[in-house]
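Chemist: Could you work out the structure for the sequence below:
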Amino acid sequence: VKSEDGKPLSGASATLRDTKGNLLGDFPSALSDNQGVLELANLEPDVYRLTVAHRDFSPSTVLIRPGEGTSESAVKLDKGGTIEVQVLDDGGNEVKGAEVRLLDGHGHNVLVDITDTGRGFLSSVHLTNGGGRVKTDRVGEGKYLADARFGNVHSEMVEVMIVRDKSTKLTLSLSEDGNR
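Modeler: Next comes the predicted model:
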């Protein structure tokens, strides 16, 4: 695991999913060492989505194939950008408690947090606050699809570009047919 300038990162952790996005394991005890090496043992030969996270950088997801030649894979992390989404109803009012999704090129919602509770892992989504907003830092640079949902209403899916070291603001409007 390396920073964007090529320096090894210690203290990075990993989350492993199958290609359909199902969580297979979270390896909080498997932290990268001072050389940036993160070791995940006893993986069956298959294709996995490995997400590497570090407190100071945006997470990065790569496909890995253990058992096919070398099992080493270099992952670079960057600082990413910020996204702030406001969700409004069809009357222009702020919506508290709407779920906001930001889908990467694999269809994975990057706004899902996996938290180690000490008794297991908790998956949580990002919900808007009382002002109808959700803000997330350290989102990886690139193109995403964003939408919002609240009950049986939803927004249309819109394309959004996240730029490193920049803040992106987006307003999503909810409607029953999602075409606003």
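Chemist: drop to CA atoms for contacts and neighbour counts, all remaining ones
Modeler: OK.
Chemist: Now do the buried residues in stretch 134-149.
Modeler: 134-135, 137-141, 144-149 (16 or more other C-alpha atoms under 10 Å).
Chemist: Reformat those residues as CSV; add secondary structure, distance to residue 170 and pLDDT.
Modeler: Listed next are the buried residues of stretch 134-149 as CSV, based on DSSP: H, G, I helix; E, B strand; the rest coil; distance: C-alpha to C-alpha, whole Å; pLDDT from 0 to 100:
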residue, secondary structure, distance to residue 170, pLDDT
134, strand, 10, 92
135, strand, 10, 91
137, strand, 14, 86
138, strand, 16, 84
139, strand, 14, 87
140, coil, 16, 85
141, coil, 16, 87
144, strand, 12, 94
145, strand, 11, 95
146, strand, 9, 95
147, strand, 10, 95
148, strand, 11, 95
149, strand, 15, 94
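Chemist: Flag the shaky bits of the chain, pLDDT-wise.
Modeler: Across the chain, residues meeting the criterion (pLDDT under 70) sit at 25-29, 67-73, 113-124, 178-180.
Chemist: same thing but 80
Modeler: 19-30, 40-42, 66-74, 106, 108, 111-125, 177-180 (pLDDT under 80).
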